[in-house]
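K.L.:
need coordinates for the following:
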Amino acid sequence: MLSRRAALGLLAGALLFACDGTLISIDVSGEAETVVGEGTILEELVGAMGFGDFVSMDITSASELENQGVEPGDIQDVALTVFSLEVVDPAGGDLAFLESVELYVEGPDLPRQLVASADEFPEGQTRVDFAVEDVDLTDYVVSQSLTLETNVTGRRPEEDTTVKASYTLSVGVTSQGACAFVQGG
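P.N.:
Prediction:
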């Protein structure tokens, strides 16, 4: 087992090596919640889920990147690696009221692209991990704004249900960004 000093030394060495051109990957995670209102007898479709925190997201100001001195110009590639939905409330609730959910990304002067989807929401399962598409999100992340939009089919739940969306983005930082981390960190 390495001592803390040895582990920090290895990390610093790896980062210095990165200054010579190796890409460093930093994970940026986040979450947002929405309440899906109880259905009425006249309603059949859920429609778009309203994750307010996802309406406009600027990951270049994420603390994981800011704390390491990374600027938007240092970002070389970005990929969504994890997206999931989970029932937060009511206790014992599930996502079975959903039939399918698609997550799209949009940005100014950029095409709308599917980034994640799920079409199985088993009864009793409180969390569903989505299939993530292989989409390069770099242009979206460094644009003026990034919008994530959902396309949902299903029915409204029998009672108000709070749903949490969680995501992780893998952000590849150029050697300039890695060097900024070494010099500033």
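
K.L.:
only C-alpha atoms for contact and neighbour calcs from this point on.
P.N.:
Fine.

K.L.:
just checking, what packs against the longest strand along the chain?
P.N.:
As assigned by DSSP state E, the longest strand anywhere in the chain is strand 75-89. Applying 3 or more Cα pairs under 8 Å, 6 or more residues apart in numbering; DSSP states H and E, one finds that strand 75-89 makes contact with strand 127-129, strand 131-132, helix 138-141, strand 161-173.

K.L.:
packing partners of the second one?
P.N.:
I take that to be strand 131-132. If contacts are counted by 3+ Cα pairs under 8 Å, 6+ apart, strand 131-132 sits against strand 75-89, strand 110-118.

K.L.:
out of those, flag the one nearest Ala165.
P.N.:
strand 75-89 (4.6 Å; Cα to Cα).

K.L.:
sorry, back to before: most packed of the helices and strands packed on strand 131-132?
P.N.:
By mean neighbour count, with neighbours taken as mean count of other Cα atoms under 10 Å, strand 75-89 ranks first of those at a mean of 20.

K.L.:
got the angle for it vs strand 110-118?
P.N.:
Inter-element angle recorded for strand 75-89 and strand 110-118: 40 degrees (by axes from the mean of the first three to the mean of the last three Cα atoms, to 10 degrees).
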